[in-house]
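Here's my sequence, what's the structure:
(chains A, B, C and D)
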There are 4 protein chains.
Amino acid sequence: MKYIIFGESHGPAIGVALEGLPSGIALDMDFIASEMARRVPGQNAMTTARREKDAPEILSGVFEGRTTGTPLCAVIRNTDTHSQDYAKLRTLPRPGHADYTGFVRYAGWGDYRGGGHFSGRLTAPLVFAGAVAKLVLRERGVAVTGRISNVAGIPDPTPEQMEAAILAAKAELDSVGGRIRCSVTGLPVGLGSPDFGCNVEGIFSQYLFAVPAVKAVGFGLGEGFAALRGSQANDPFYLDGGTVRTRTNHSGGINGGITNGMPVEFEVTLRPTPSIARRQQTVDLSAGREAELEITGRHDPCIVPRALPVIEAAAALAACELLGM
Amino acid sequence: MKYIIFGESHGPAIGVALEGLPSGIALDMDFIASEMARRVPGQNAMTTARREKDAPEILSGVFEGRTTGTPLCAVIRNTDTHSQDYAKLRTLPRPGHADYTGFVRYAGWGDYRGGGHFSGRLTAPLVFAGAVAKLVLRERGVAVTGRISNVAGIPDPTPEQMEAAILAAKAELDSVGGRIRCSVTGLPVGLGSPDFGCNVEGIFSQYLFAVPAVKAVGFGLGEGFAALRGSQANDPFYLDGGTVRTRTNHSGGINGGITNGMPVEFEVTLRPTPSIARRQQTVDLSAGREAELEITGRHDPCIVPRALPVIEAAAALAACELLGM
Amino acid sequence: MKYIIFGESHGPAIGVALEGLPSGIALDMDFIASEMARRVPGQNAMTTARREKDAPEILSGVFEGRTTGTPLCAVIRNTDTHSQDYAKLRTLPRPGHADYTGFVRYAGWGDYRGGGHFSGRLTAPLVFAGAVAKLVLRERGVAVTGRISNVAGIPDPTPEQMEAAILAAKAELDSVGGRIRCSVTGLPVGLGSPDFGCNVEGIFSQYLFAVPAVKAVGFGLGEGFAALRGSQANDPFYLDGGTVRTRTNHSGGINGGITNGMPVEFEVTLRPTPSIARRQQTVDLSAGREAELEITGRHDPCIVPRALPVIEAAAALAACELLGM
Amino acid sequence: MKYIIFGESHGPAIGVALEGLPSGIALDMDFIASEMARRVPGQNAMTTARREKDAPEILSGVFEGRTTGTPLCAVIRNTDTHSQDYAKLRTLPRPGHADYTGFVRYAGWGDYRGGGHFSGRLTAPLVFAGAVAKLVLRERGVAVTGRISNVAGIPDPTPEQMEAAILAAKAELDSVGGRIRCSVTGLPVGLGSPDFGCNVEGIFSQYLFAVPAVKAVGFGLGEGFAALRGSQANDPFYLDGGTVRTRTNHSGGINGGITNGMPVEFEVTLRPTPSIARRQQTVDLSAGREAELEITGRHDPCIVPRALPVIEAAAALAACELLGM
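Numbers count the residues shown, from 1 in each chain, chains lettered A, B, ... in the order given. Prediction:
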């Protein structure tokens, strides 16, 4: 499977072109809508007030409700945009954001409005693609489920703890980061290989690091392996009926770059939203002098809740690749 | 650049074929030898007693001391091998190791001796390739340097602390994990893109997860971002002469998947060596029953010190790809 | 550059997503429209009567008239469709067409109407992408020009000969094939390499064979080399000012898979349109018995004239890849 | 499957690294030797007098006579080399050869001796890889067979005609080209897709154009399609038992980029050996002036006979890719 996510936050539309889908997959549009609803902003006080319809129009690759196997393109129109909010950012890059690197990378020709192609809004087509991938995986008995494993440094937070931490940051014109832990069940043993470009960790990380704000990826115990002894970290084998399993799953379902039949488990870390309302130090790229910046647009104080379906989507696409699609 | 690492621990030879090198790079064999010496085992009490000559023979791609630009193949002969140490492992997979997944993946046809293609010994040709890549990068002012940032849970350990922790584990027939932190300096601003397969984090992680035992990769603050506020995590811009820089480098030199001109910094976590001398629970794959396993071969109680040049090698190859080679 | 052509002949829309364009390219929409007009059907008696507006809507990747460097998606709505013409073809595959192979490949889930994703209409977004590629190439002094070098076996036909041959076939409810010869000027010497996946012939042929109906590709003298002596085929070198050139260009601008500074020249052969009005023998896939088929839809008796801009488009995209885009 | 062919004509060795082979394939070394013997020079008056042992040493990827599934590297040592024959060619590029383009591409750092990496000798490891691929295909009922379909313009020549034509050219210090026609039987219907990079013609041509001297590739009737009517070119369907077949195979087993279950048939055109003994016009690259060149080394007056197993090898590798390996 090969995909291209396209669009800019304030352009005509965003979307995804997806090549290599199997044919005959019933496109459960209710499921897709429910997946996309999970990342829609404006749901509560914790997220940006921007309202998106985010109803994707499918232009190709589906016939009589099922995938044709030929490339699928889905498009989401941009409607509720306030371009003026961002005009001044053109030459005042936001710290922690891609404004400056995008400016250099695209030689000043990028669409600077609302972050352009770097906008978190571009994760909507990714969730769409991931929802399609989940439908493909469902037919093979593979499921992807994630949960918020950390917000603002609080491990496994309750909704109340999460809300409190996020609103506290918001009140201080600030933002918080967090972590998402994900499990992919149903993958058979023996997928992947130790070699470059083919190992399970490499394939998953490729998809996960394509999600904005992801700055770390760990499999199984992840960075927790550093403090462990081998005797603690190794997963002892046992027989479950005739099936070889491990009593623990510290390896995250992967040994030597190959699935071992246990769930593939990983955890990603998301940086705090760089767009904060506090005054920050920056540089005026046109004037060539240092400057201060106060951002007035609408921004999530914490993207972790909305990122949950995005991470699952990336994992679903990775699982499809691993399965040879 | 495209590469294939080949070989098995107890086969005739291991090596690497490397395509896409620039031509005219002087192949400083002293430098290459010194890089390879950094991962050679048998240097002290902390590492396995196996002695490797590890002198690579260059079969192609070099003429009169410089790269020709056509594929370079380097081969290292296997000599000091004790195959009998491993024979019983054929059907008794070591917990935490790739024995079981390799057995399934290759349908029992793999070379089981000494871990076969999964052996840590396969990192020798990777270090060779990385040394060549470092020579390429040197001409462009790019350098890769790493350090051990954690052993057995001890952050930034002194050599004495490291040795103590490793020898303690060895005495208890056990092993320890750790972390390596790496910095790539000299990369220009504007490399990479936010898109799948092109972002800097994705490219580096692809190479890093191809190194055996790497289970987590983080950029900049990595998983530390979870506990931070945006105001702490953002890197304020300033002008250094006419050059835009950031006062901190929490982003690890990357914003929006694109280099920002600061050093690209990342940290990998290595699991403790799975091959430990303690008795472990496993399954006899041929008999189809649970079994116990005691490993008697030579194994490092901690691979972190030897992994240092390997991680640098992977990073050097990633940097070459990022530079369009 | 990476692209996905999507759409089906009778679906909502067709289009292309194009990733990896350089930023800052002025998108000359008049030029693009003129390129697309070159393949529009319904222009004269020689082509199908179907009318297409084919006005592409650009959804992304362009800002203030220039490419942003982020993925560009262009969409062309389908309007003038007569689905009923094709219903009976679902189980009666047309000889020479992709009906049968598509049926098997996509397990019967493909959109069979009008050829679905196999329709020649899908070449419209390819021409769009090629026009953008030509604008990119123009800034680098590279130009792609093609001409019809054969129709119905007539080499270098005049428009009158061409029209006569095509109308003769049409009158007999038949179709004719032909050839297109193309030249890419301005490519510097030294692009490509002899290795798999990197040689100039391989790169161009990859793009050219993705054009429907192309069944042969030759470079320089192409299949004419078979009958020549080396002394006739070799291109003698000479000095043009300080520049090395060859007196002839039998090699088509390529030696050892690498450009030699002369124009890259190639010729493609297009099969006659398989959709002919004559009665043909086929198989009824649902009934499992042999059957006869008479096609009543609108079809070009010769696609060579309309294929000319398509072949140029494919060559322009190949040239961009060769230039490292 | 991914492969890297490495080596230079007069370097220490040539060889191939091959990744992605299935495991458990019995490596029939007699078969491999017989395949390699088919391209060995020095067999008769028609070929160069250079003697090659060409006995490949397998360094990895094989254990107890079967493929392990991990990368296989095979090496052939260079022994019988006459470097002095080529020294003067360093700055006097042979017309029609890669001397000049290689000089520019590799900035003068290439190994110029005997054509270096461009030498026809590099087809030996390709034949080795193809022989392994044929063994893989054999288990799946797929076979690749080729024949010389043209020498010096003579279609389907008898051995006597071939020898006469080649010796005539040799006597005149010249060389001749030709064509090879190949058939791949046993591929199931439904492989490939119409999309870029996935269509059968594109995949095969990628491999075929990586063979030195191949300048044209056609499928089925190839360039013969230009002169045909649709009614002649289309392959009528019929039922053979329950199986859909076509009465003719003009399409070469491919429709819409997808296999149709008939043999995949293609024909390649090979240019006459550019290295001829006649005096030729060239340019002295170091002196910057025009010059004449007389080549005294050993060269085949016609490479077509020796190219036969090479083309089959390329086709076998392409078939493996098509089958998802």
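
Which element, helix or strand, includes the closest residue in space to residue A:57 that isn't next to it in sequence?
Nearest residue to residue A:57, sequence neighbours excluded (Cβ to Cβ, 6 or more residues apart in numbering or on different chains): residue A:75, at 5.1 Å. Every residue, glycine included, has its C-beta placed from N, CA and C. Using DSSP states H and E, residue A:75 sits in strand A:72-77.

when you scan the helix or strand that that strand is followed by, is anything in it near chain C?
Counting by DSSP H and E, the next helix or strand C-terminal to strand A:72-77 is helix A:99-105. Yes - using Cβ under 8 Å from any Cβ of the partner chain, helix A:99-105 reaches chain C at residue A:105.

Name the next helix or strand following helix A:99-105 along the chain.
helix A:123-138.

Make sure residue A:319 is indeed in a strand.
No - with DSSP: H, G, I helix; E, B strand; the rest coil as the criterion, residue A:319 is assigned helix and is not in a strand.

ok, the residue nearest to residue A:57 to residue A:14 distance?
Applying Cβ to Cβ, to the nearest Å, the value for residue A:75 to residue A:14 is 8 Å.

and if you look at residue A:55?
Applying Cβ to Cβ, the value for residue A:55 to residue A:14 is 12 Å.

Neighbour count: those two, which is higher?
residue A:14 (29 against 10; other Cβ atoms under 10 Å in any protein chain shown).

Without its sequence neighbours, what residue ends up closest to the more buried one?
Spatial nearest neighbour of residue A:14, chain neighbours left out: residue A:7 (2.8 Å); criterion: Cβ to Cβ, 6+ apart.

what do you get for residue A:265?
residue A:252 (4.2 Å).

list the buried ones in whichever helix or strand residue A:292 is part of?
Element membership for residue A:292 (DSSP H and E) is strand A:289-293. Neighbour counts over strand A:289-293 (16 or more other Cβ atoms under 10 Å in any protein chain shown) mark A:291, A:293 as buried.

residues contacting the residue nearest to residue A:14?
The contact partners of residue A:7, by Cβ atoms under 8 Å, 6 or more residues apart in numbering or on different chains, come to A:13-15, A:76, A:78, A:117, A:121-122, A:125, C:59-60, C:71, C:73.

Go again with 6 Å.
For residue A:7, the contacting residues are A:13-15, C:60, taking Cβ atoms under 6 Å, 6 or more residues apart in numbering or on different chains as the criterion.

Identify those among the residues you listed that sit within strands.
Of those, the ones assigned to strands by DSSP state E are A:13-15, C:60.

what's in contact with the strand or helix carrying residue A:204?
According to DSSP H and E, residue A:204 maps onto helix A:200-208. With Cβ under 6 Å, 6+ apart as the test, helix A:200-208 has contacts from A:192, A:214, A:217, A:219, A:254, A:257, A:259, A:268, A:314, A:317-318, A:321-322, B:202, B:205-206, B:209-210.

can you rerun that using 8 Å?
Residues contacting helix A:200-208 (Cβ under 8 Å, 6+ apart): A:191-192, A:196, A:214, A:217, A:219, A:253-254, A:257-259, A:264, A:266, A:268, A:311, A:314-315, A:317-318, A:321-322, B:196-197, B:202, B:205-206, B:209-210, B:214-215, B:217.

Just the buried residues from the residues you listed, in PyMOL please.
In PyMOL, a selection of the buried entries from those looks like this (16+ other Cβ under 10 Å):
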select buried, (chain A and resi 191+192+196+214+217+219+253+254+257+258+259+264+266+268+311+314+315+317+318+321+322) or (chain B and resi 196+202+205+206+209+210+214+215+217)
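
what's the spacing between the nearest residue to residue A:302 once chain neighbours are set aside and residue C:18?
Using Cβ to Cβ, 6+ apart and skipping the chain neighbours, the partner closest in space to residue A:302 is residue A:166 (4.4 Å). For residue A:166, the distance to residue C:18 equals 39 Å [Cβ to Cβ].

ok, now residue A:32?
The value you get for residue A:32 to residue C:18, if Cβ to Cβ is used, is 25 Å.

higher neighbour count, those two?
residue C:18 (28 against 21).

What lies in contact with stretch A:223-232?
A:216, A:218, A:221, A:233, A:250, B:96, B:150-153, B:169, B:172, B:174-179, B:215-216, B:218, B:222-223, B:267, B:269-276, B:278, B:280.
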